[in-house]
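>>> Have a look; sequence and predicted model below, questions after that.
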Amino acid sequence: MTSPWIIALIIGALIVAGLAFYAGRLLWQVREQNQRLAKQQAEYAQKRAARNAKLSDSINLIAKAMKEGQCEYSEGCLRVWVLMSQHSRAQELNLEVEYPGVFAMYEAVKDLPTHDARKKYSKKEIFKQDSARWRKEQELEEQILADSEKLVMHFDADPNSKHVFM
């Protein structure tokens, strides 16, 4: 072989070796990136599960309080609805159909003023709003109690329960 062919062969071998090294380095970086991504996804899933467990516990406690008459239905439904809407399973369920009493009560009271906002209204107007709320609570009491029972079952605080909703 002549000298130019040997030089071309050496240059070609160096180019192939360089490309092989570069490809190996890229594959290593992809593997590292995939490992980091898997770790981040596992951490996210763990945080989401912890958050859902905390939400489930809160929903369970409020539902029990409504069932036992320790919490007004309007306040309990308002709080439960907001918590359920933050639960990761909320998108999978049709909450309006699953818990019609809680939904109806939530719809009735969601726009009513609370705390400092109530102070802007006259006593007559506040009494009118409260009367409407009390009538709605009486009207929906049976449905709310039935929904509270379902909520206690679905959002059971015991992680070993077969009804845990996480």
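Looks like it came in fine.
>>> any idea how far Lys120 lies from Asp111?
Plainly put, Lys120 is 14 Å away from Asp111 if you go by Cβ to Cβ, to the nearest Å. Where you see a C-beta, it was placed from the backbone N, CA and C, and this is true even at glycine.
>>> ok, now Gly69?
Gly69 is 25 Å from Asp111, by Cβ to Cβ.
>>> how far does the least confident helix or strand in the chain by mean pLDDT sit from the chain's center?
Least confident helix or strand of the chain, by mean pLDDT, DSSP states H and E, is helix 95-98 with a mean of 87. Here helix 95-98 shows a centroid-to-chain-centroid distance of 16 Å under the convention Cα atoms, centre = their mean, to the nearest Å.
>>> buried stuff in it?
The neighbour-count check on helix 95-98 (16 or more other Cβ atoms under 10 Å) flags Leu95 as buried.
>>> what comes up buried for the helix or strand that that helix is followed by?
Going down the chain from helix 95-98, the next helix or strand is helix 100-109, by DSSP states H and E. Across helix 100-109, burial judged by 16+ other Cβ under 10 Å covers 101-106, 108-109.
>>> Please name the nearest non-neighbouring residue to Gln129.
Leu112 (5.6 Å; Cβ to Cβ, 6 or more residues apart in numbering).
>>> Now do the one you found: how many residues are near it, please.
Counted with other Cβ atoms under 10 Å, the neighbours of Leu112 add up to 15.
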